[in-house]
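Generate a structure from the sequence data that follows.
(2 chains)
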Amino acid sequence: MFEILTKEMLTPIICRMKVRAPRLAAAAQPGEFLIVRADEKGERIPLTISDFDREEGSVTIVTQRIGASTADIIAYEAGESFADVVGPLGQPSEFVKMSPEELAGQRYILIAGGLGTAPVYPQAKWLKQHGVPVDVIIGAKTKDLLIYVDEMKEVCDNLFVCTDDGSYGFKGMGTNMLEHVVSKGHSYTQAVIIGPMIMMKFTTLTCKKLGIPAIVSLNTLMVDGTGMCGACRVSVGGKTRFACVEGPEFDGYEVDFDEAMRRQGQYKAEEAAVNEKHVCKIGRGK
Amino acid sequence: MANRIPRVAVREQEPKVRAKNFEEVCYGYNREEAMLEASRCLHCKNPRCVTACPVSIQIPEFIAKVNEGDIEGAAAIIARDSSLPAVCGRVCPQETQCEGSCVLGVKGEPVAIGKLERFVADYMREDTAAKNSPVSDSEHKANGKRVAIVGSGPAGLACASDLAKWGYDVTIFEALHKAGGVLEYGIPEFRLPKDKVLKPEIEDVTRLGVKIETDVIIGKTVTIDSLMDEEGFKAVFIGSGAGLPKFMGIPGENLCGVFSANEFLTRNNLMKAWREDYLTPIHAGKKVCVVGGGNVAMDAARTALRLGADVHIVYRRTEAELPARREEVHHAMEEGIIFDMLTNPVEILGDEKGWVRALRCIRMELGEPDESGRRSPVPIPGSEFEIDTETVIMALGTSPNPLISKTTEGLEVTRRGCLVADDKGATTRPGVFAGGDAVTGAATVILAMGAGRTAAKAIDEYLRQQP
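Alright, predicted model coming up:
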């Protein structure tokens, strides 16, 4: 069992939890993810690792209520325990494996959309700690859905926040913000884009236009997360890759986003049926 | 003297009824039926069945006990060599092993060794008087030496059982949330009931003192090096199986509605999608094509059937070459699975929304025998045709997961990604042993158990030599 040490609601539907998982915390790196199974009857839900504390033996996860299983995860309280938390899964971000020489001269722009802000945080933190220049763009539909704004300020050189409706920061989407920032004279050698599939698709196109190489982190379907099921397969540069073990980060220029989006929605009909009949087992889901 | 009667038939669920439920297909023998079947054994002086058994169960000995009605005695004899008799009695390919070499099979039907093994195990579990008796007749003192086992499938469980019986302090690390490996995620409920059969059998292993730590992925959560250098394990056995699915590499394989058999079966078995009270989604649709002819193909096909689909098995050779257990093929046919033999997919066709619409295949004929001695299938030019289908399940075999070999110094693998190990299970790294599908590529439960036991002996020898 994996005890929830702290819990806070960042928005009405996004929740941050610190969970005790010493083996996982000891091994975790930026870019990797984990899988949570709340209880015996729950699904295995892949979630990004938004922070880890090796001394405390804890990992931080941020969950947005999307369907029945994520609602169940959010319904847990501090002091209670998840049945399973397993990881770290996937490959660490590329920069983790780069030498100081390779990192010298790099300037990163990390572009986060919605819930994707959570996994961007440990990446910015790592780059900042290693003295690599890093700017961050956080985009959300509206002010109430923004997360990690204060935390992010601490771990990057420049933070740019935008909302689709202009209720906070720059009015516009991440793509508009990026073009604006670049037009003001900022230049970057590498972009990392994490957010909804559609946002990653269009932000990659903007990066391409601006000539900035783009890495994306794909949140595909998966069951085991260790290469067993193949539910996560994506076409990258015309080749089939398993996002769980070879990803989740890939060269955005090479990813077939349209196929990835279709595959992500593969169980929509079945899930709608489950959500319809699902009554949160714990009773605090709403 | 042996009783000259025909093989005692085993009771099964009606095909039409079982095609709609996930209850076990075969009911097995009762005590009277088992004693009667046991009376058929000739008790050969040189029992070929024992030689043919990968774990060398003393088959005539245990059958003699069943014949006398001493089921506990029979169980004790089996327990000397097998830690999973209820499982093996159900899933072993007896027709190519023990029963395949039974002398009675030359002119008639061999003794139903598998069904007798299953009866003994089930009786011990279900009969309250027998339940509390010890599972093993061997006892050893704890020696305090720690051994780590990677994977809780058949190889790992067999290796762990033997080592625990000899006094080792054994911990099994399992990547998934439940122990059992392929027995849990791969083999369906209707062939191997999980709570009724598998769980108690794994509990028997833990009763020997074996600890099982789930949710630990060796190669990610911890490495073999850290287990040995930091956690004090003196030896490691890798029984991580062959979990990576193969695809054909034909156009259309990433369409929605194309699944690996691993995904389909894991959703249904480990994640219990077939049960209303579990949240796991699964997609079968009205018509399913399963590609392949092994046990996994049969399991996927029969699972899809039970989820309400019309199911075709598409196989490039003929019925005679099907690698699945004969009983599974027979059961699948009885249940109404359609077999499209000498048929090979060339492309998966999609609709405008990116979902599977049809499987485009080509007819095959058998040509010259290949290296394996099987006649290899050759496409007949111009014979392409389409099978309308909503779902395609690829059951083409699996290969070992590279997570461990990639993260462990000095561990060699073959070109096919299998761990290199000698006939005792020793890998190229001192103190690290391996066996089962991780070494051989996908094979059977019982061969994996045999390899686990062989490695256990080698680990014992190795650790006795260590200071």
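
Quick check: residue A:124 vs residue A:183, distance?
22 Å (Cβ to Cβ, to the nearest Å). From N, CA and C alone the C-beta is placed, and that goes for glycine too.

Looking at those two, which one has more neighbours?
Between residue A:124 and residue A:183, counting by other Cβ atoms under 10 Å in any protein chain shown, residue A:124 is the more crowded of the two (27 against 9).

Please report how far the more buried one lies from residue A:133.
11 Å.

How about residue B:143?
Residue B:143 is 57 Å from residue A:133, by Cβ to Cβ.

Who has more neighbours out of the two?
Using other Cβ under 10 Å as the criterion, residue B:143 and residue A:133 rank with residue A:133 on top: 17 against 13.

and the closest residue to the more buried one other than its chain neighbours, backbone torsions?
Using Cβ to Cβ, 6 or more residues apart in numbering or on different chains and skipping residues adjacent in sequence, the residue nearest residue A:133 is residue A:107, 4.6 Å away. Here is the backbone geometry of residue A:107 (degrees, to the nearest 10): phi -130, psi 120.

From what I see, residue A:107 and residue A:189 are in contact.
Yes - counting by Cβ atoms under 8 Å, residue A:189 is a contact partner of residue A:107 at 5.1 Å.

low-scoring pLDDT stretches of the stretch 51-200 of chain B, where are they?
For the stretch 51-200 of chain B, the stretches with pLDDT under 70 are B:128-139.

Repeat the analysis, applying 90 as the threshold.
Scanning the stretch 51-200 of chain B for pLDDT under 90 picks out B:83, B:125-141.

just the helices in it please.
B:59-68, B:71-79, B:85-91, B:104-107, B:113-126, B:128-131, B:154-165, B:182-185, B:199-207 (DSSP state H, counting those that start in this stretch).

Tell me which strands the following helix or strand past the last one pairs with, and in which orientation.
Where DSSP states H and E defines the elements, the next helix or strand beyond helix B:199-207 is strand B:211-213. With DSSP bridges as the criterion, the sheet partners recorded for strand B:211-213 are strand B:169-173 (parallel).

Tell me what angle the partner strand forms with helix B:154-165.
For strand B:169-173 against helix B:154-165, the angle by axes from the mean of the first three to the mean of the last three Cα atoms, to 10 degrees is 160 degrees.

Can I get strand B:169-173 as CSV, trimmed to CA atoms?
Output of strand B:169-173 as CSV, limited to C-alpha atoms (Å, rounded to 0.1, in the frame of the first residue of the first chain):
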residue,chain,number,x,y,z
ASP,B,169,15.5,-16.4,2.4
VAL,B,170,13.7,-15.7,-0.8
THR,B,171,12.0,-12.5,-2.1
ILE,B,172,10.2,-12.4,-5.4
PHE,B,173,9.9,-9.1,-7.2
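
Output the longest helix belonging to chain B.
helix B:445-465 (DSSP state H).

angle of that one against helix B:154-165?
Going by the same axes, to 10 degrees, helix B:445-465 makes 40 degrees with helix B:154-165.

in helix B:445-465, what counts as buried?
B:445-460, B:462-463 (16 or more other Cβ atoms under 10 Å in any protein chain shown).

mind checking how far that helix is from the chain centre?
19 Å (Cα atoms, centre = their mean, to the nearest Å).

how about the residues of the stretch 101-250 of chain A that lie near chain B?
Counting by Cβ under 8 Å from any Cβ of the partner chain, the positions of the stretch 101-250 of chain A adjacent to chain B are A:223-224, A:226-231, A:233-235, A:240, A:245.

In helices, which of these appear?
Those of these lying in helices (DSSP H): residue A:245.

export the residues of the stretch 101-250 of chain A next to chain B to a markdown table and tack on neighbour count?
Shown next, in a markdown table, are those (neighbours: other Cβ atoms under 10 Å in any protein chain shown):
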| residue | neighbour count |
| --- | --- |
| A:223 | 25 |
| A:224 | 26 |
| A:226 | 25 |
| A:227 | 20 |
| A:228 | 28 |
| A:229 | 29 |
| A:230 | 25 |
| A:231 | 24 |
| A:233 | 26 |
| A:234 | 24 |
| A:235 | 18 |
| A:240 | 14 |
| A:245 | 22 |
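
got the residues of the stretch 101-250 of chain A next to chain B as TSV, with pLDDT and distance to residue A:157 columns?
TSV is the format used below for those (pLDDT from 0 to 100; distance: Cβ to Cβ, whole Å):
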residue	pLDDT	distance to residue A:157
A:223	95	39
A:224	94	39
A:226	93	37
A:227	93	37
A:228	94	41
A:229	94	40
A:230	95	40
A:231	95	38
A:233	95	37
A:234	96	32
A:235	96	35
A:240	95	38
A:245	93	33
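
ok, of the residues of the stretch 101-250 of chain A next to chain B, which one's closest to residue A:23?
residue A:226 (15.3 Å; Cβ to Cβ).

How far off centre is stretch B:199-214?
For stretch B:199-214, the distance to the chain centre is 18 Å (Cα atoms, centre = their mean).

Would you mind listing the buried residues in that stretch?
Applying 16+ other Cβ under 10 Å to stretch B:199-214 flags B:200, B:201, B:202, B:204, B:205, B:206, B:208, B:209, B:210, B:212, B:214 as buried.

JSON lines for the residues you listed, including distance to residue A:10?
What follows is these, written out as JSON lines (distance: Cβ to Cβ, whole Å):
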{"residue": "B:200", "distance to residue A:10": "45"}
{"residue": "B:201", "distance to residue A:10": "45"}
{"residue": "B:202", "distance to residue A:10": "41"}
{"residue": "B:204", "distance to residue A:10": "47"}
{"residue": "B:205", "distance to residue A:10": "44"}
{"residue": "B:206", "distance to residue A:10": "41"}
{"residue": "B:208", "distance to residue A:10": "47"}
{"residue": "B:209", "distance to residue A:10": "46"}
{"residue": "B:210", "distance to residue A:10": "43"}
{"residue": "B:212", "distance to residue A:10": "36"}
{"residue": "B:214", "distance to residue A:10": "30"}
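
and which of these is nearest to chain A?
residue B:214 (7.2 Å; Cβ to the nearest Cβ).

Okay, that closest one and residue A:84: tell me how far apart.
From residue B:214 to residue A:84 the distance is 7 Å (Cβ to Cβ).

swap in residue B:26?
Taking Cβ to Cβ, one finds residue B:26 at 32 Å from residue A:84.

out of these two, which sits in the busier spot?
Set residue B:26 next to residue A:84 and count neighbours by other Cβ under 10 Å: residue A:84 wins out with 22 against 18.

Torsion angles phi and psi at that one?
Torsion angles, degrees, to the nearest 10, at residue A:84: phi -140, psi 140.

Go ahead and confirm it touches residue B:174.
No - at 10.9 Å, residue A:84 does not count as touching residue B:174 under the criterion of Cβ under 8 Å.

Could you tell me which residues touch both of these two?
Residues touching both residue A:84 and residue B:174 (Cβ atoms under 8 Å, 6 or more residues apart in numbering or on different chains) are B:214, B:215.
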